[in-house]
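Chemist: Sharing a model prediction with you, sequence too.
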Amino acid sequence: MWHGRFKHDTAGIVQDFTQSLDIDWLMYDADIQGSIAHVRMLGKTGILPPDEAAKIEAGLLRVKQEIDAGDFTPSESLEDVHMNIEARLTEIEPLGAKLHTARSRNDQVATTTRIYLRTRLHELKQELRELLTVIITNAERHKDIIIPGYTHMQQAQPISMGHYWLSWFEAFRRDMSRLNFVLASLDECPLGAGALAGSTLPIDREYTSELLDFSRPTRNSLDTVANRDYMTDYHYFASVFMIHVSRLCTDLITWNTQEFAFIVLPDEFCTGSSMMPQKKNPDVLELSRGKTGQIIGHMIDLLMNLKGLPMTYNRDLQEDKRGLWASLDTVGSVMKIIASLLERVDVDEAAALRGFSRGYSLATDVAEWLVMKGVPFREAHQQVGRLVGWCIENNIAFGEMSLSQWQEHIPEADPELLKILTPRESVMRRDTYGGTGFLQVEKQIQEAKTRI
Ligand code: ARG
């Protein structure tokens, strides 16, 4: 395409090295959409006679049909998806040579990529919405089940399993907001920025923007061809999402161990060992967690590429998509498989409750009960702390102590206190906004349904 300027052809080894067909061919549909909008604009503004614009559009549709049907094999010698489509168009319709009027591949690449990415992000939104739905369903299934809540991996206070699921609803709901932000950040149309400075021809950027369903044209042509922020925004969304997934996976992997044993994973989502007949391994969870590093890696890859690049387009930018595609595929598959796995997770409440026998996770309840009797919290904390120390030394659980034993350590103790010292009472009484109390969890579930 640049024969005019050159005396020699590009060396084969350079063609191989510089082509981007292997990563951009999958955007052919988006590229043709962009070209159709562009040529309609050329016709509407009179830059091309309307009948010529119509013929070019018809030719573009034929190219699309050929590609859809698998009848067209692109060539790496034409570098990328854009040049392949234009070359095929011009074979079919010689007027195709007018398509690239007032356009550069720099604004074209940016437009095509935004259109393609937008479609993929809408698919991810759907997957994420499904994951959120499964989480709400789990919260409903398990709202009355009590498990130990942990800080520092030490038993802290009993919580409703429904409350636990809702904690992930919050995290993934924030991921949804970040995903929406990515969509907003790509929602301006680059077409018409040209190579970097706009065009001498009377183009109508509002019109192409509207045809391609963007909110408006981009504001600065230099920034337009240099900007990849919508991709870095995506990678940040993806990284945070995967970090959430990896933390959730660690919980479930831990709770599925023989030592905790209060989560039951579906057989269909586990694998066995080639040697040890008893094994049922949580591989799906481990692999999902294990993929997190790649996703963060793709973000670092792009950030490193962009660091120090001068205004405006530089060929370095062609390397922006490889990691992006890999990330989109991985994040989509993780969303899907985690949602299907969660749907089938069961909780063994008896096993979860067994964990409470020696954990003294009702100690805060005792201290707070004393506060209501007028004891300063710091004093109550000390008193109950000493009691726990005594219990550990004497190998006795709260539930095994008689009232008189209680009173030796806590003079205020009465039958009222003993009544509230069960995990169920403890959960129920944490009836504060956002807390684990059963009524609160029920409210949060109803609210979550409206926030999805
Ligand atoms: N294949 C290139 C890419 O995807 C096309 C951009 C060409 N622009 C240029 N100034 N060489 O980025």
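Modeler: Arrived safely, thanks for sending.
Chemist: how many neighbours does the residue in the stretch 201-350 of the chain that the ligand sits nearest to have?
Modeler: Nearest residue of the stretch 201-350 of the chain to the ligand (Cβ to the nearest ligand atom) works out as Gln318 at 3.7 Å. Heads up, the C-betas are built off the backbone N, CA and C, glycines and all. If you count neighbours by other Cβ atoms under 10 Å, Gln318 ends up with 18.
Chemist: and it, what does it touch?
Modeler: Going by Cβ atoms under 8 Å, 6 or more residues apart in numbering, Gln318 touches Ser20.
Chemist: wait, is it part of a helix?
Modeler: Yes. Per DSSP: H, G, I helix; E, B strand; the rest coil, Gln318 lies within a helix segment.
Chemist: For Asn227, see how far away it is.
Modeler: Gln318 is 15 Å from Asn227, where distance means Cβ to Cβ, to the nearest Å.
Chemist: swap in Lys7?
Modeler: 35 Å.
Chemist: got it, and Leu201?
Modeler: Leu201 is 23 Å from Asn227, by Cβ to Cβ.
Chemist: do Phe181 as well
Modeler: Distance of Phe181 to Asn227, computed by Cβ to Cβ: 15 Å.
Chemist: Same drill for these two, tell me which one is more crowded.
Modeler: Neighbours were counted for Phe181 and for Asn227 using other Cβ under 10 Å; Asn227 has more, 21 against 14.
Chemist: and the lowest-mean-pLDDT helix or strand in the chain, how far out from the chain's middle?
Modeler: Lowest mean confidence among the helices and strands of the chain (mean pLDDT, DSSP states H and E): helix 349-354, at a mean of 92. Distance of helix 349-354 from its chain centroid, counting by Cα atoms, centre = their mean, to the nearest Å, is 33 Å.
Chemist: Show me which residues of the chain are close to the ligand?
Modeler: Neighbours of the ligand within the chain, by Cβ under 6 Å from any ligand atom: 20, 24, 79-80, 105-106, 109, 313, 315, 317-318.
Chemist: Let's have those in JSON lines, adding secondary structure.
Modeler: Formatted as JSON lines, those follow (three-state DSSP):
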{"residue": "Ser20", "secondary structure": "coil"}
{"residue": "Asp24", "secondary structure": "helix"}
{"residue": "Glu79", "secondary structure": "coil"}
{"residue": "Asp80", "secondary structure": "coil"}
{"residue": "Arg105", "secondary structure": "helix"}
{"residue": "Asn106", "secondary structure": "helix"}
{"residue": "Val109", "secondary structure": "helix"}
{"residue": "Tyr313", "secondary structure": "coil"}
{"residue": "Arg315", "secondary structure": "helix"}
{"residue": "Leu317", "secondary structure": "helix"}
{"residue": "Gln318", "secondary structure": "helix"}
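Chemist: which one of the residues you listed sits closest to Gln407?
Modeler: Ranked by distance to Gln407 (Cβ to Cβ), the residues of the chain next to the ligand are led by Leu317 at 75.1 Å.
Chemist: for the stretch 1-150 of the chain, what spans make up the strands?
Modeler: Taking DSSP state E, counting those that start in this stretch, the strands of the stretch 1-150 of the chain run over residues 146-151.
Chemist: And for the stretch 351-452 of the chain?
Modeler: Taking DSSP E, counting those that start in this stretch as the criterion, the stretch 351-452 of the chain contains no strands.
Chemist: Now the closest residue to the ligand within it. Nearest residue, chain neighbours left out?
Modeler: Minimum separation of the stretch 351-452 of the chain from the ligand (Cβ to the nearest ligand atom) falls at Ile452, amounting to 37.2 Å. In this structure, Ile452 finds its nearest non-sequential neighbour in Leu132, 5.3 Å apart by Cβ to Cβ, 6 or more residues apart in numbering.
Chemist: Does that neighbour touch Ala171 like I think?
Modeler: No. Between Leu132 and Ala171 there is no contact, the gap being 10.3 Å when judged by Cβ atoms under 8 Å.
Chemist: which one of the two has more residues nearby?
Modeler: Leu132 (21 against 17).
Chemist: residues touching that one, list them.
Modeler: So Leu132 contacts 169, 172-173, 176, 448, 452 (Cβ under 8 Å, 6+ apart).
Chemist: In the protein, where is pLDDT below threshold?
Modeler: Applying pLDDT under 70 to the chain flags no residue at all.
Chemist: Can you find the residue of the stretch 151-300 of the chain that comes nearest to the ligand?
Modeler: Ala195 (6.9 Å).
Chemist: Look up the closest residue to that residue, ignoring the ones flanking it.
Modeler: Distance criterion Cβ to Cβ, 6+ apart; nearest residue to Ala195, sequence neighbours excluded, is Ser104 at 3.8 Å.
Chemist: tell me, how many neighbours does the one you found end up with?
Modeler: Ser104: 20 neighbours (other Cβ under 10 Å).
Chemist: correct me, but it touches Ala197?
Modeler: No. In this structure Ser104 lies outside contact range of Ala197 using Cβ under 8 Å: 9.6 Å.
Chemist: what's the helix or strand for Ile159?
Modeler: Here Ile159, judged by DSSP states H and E, is contained in strand 154-160.
Chemist: And for the closest residue in space to Pro158 that isn't next to it in sequence, the neighbour number?
Modeler: Excluding its sequence neighbours, the residue lying closest to Pro158 (Cβ to Cβ, 6+ apart) is Pro423, at 4.0 Å. Neighbour count of Pro423, defined by other Cβ under 10 Å: 22.
Chemist: tell me the contacts of Pro423?
Modeler: 146, 158, 353, 356, 361-362.
Chemist: got it, and Phe398?
Modeler: 360, 362, 366, 391, 421.
Chemist: These in helices, which ones?
Modeler: 366, 391 (DSSP state H).
Chemist: ok, and the most crowded of the contacts of Phe398?
Modeler: Val366 (25 neighbours).
Chemist: Quick check: chain neighbours aside, which residue is closest to it?
Modeler: Per Cβ to Cβ, 6+ apart, closest to Val366 is Val384, 4.9 Å.
Chemist: count of residues packed around Glu447?
Modeler: Glu447, neighbours per other Cβ under 10 Å, totals 11.
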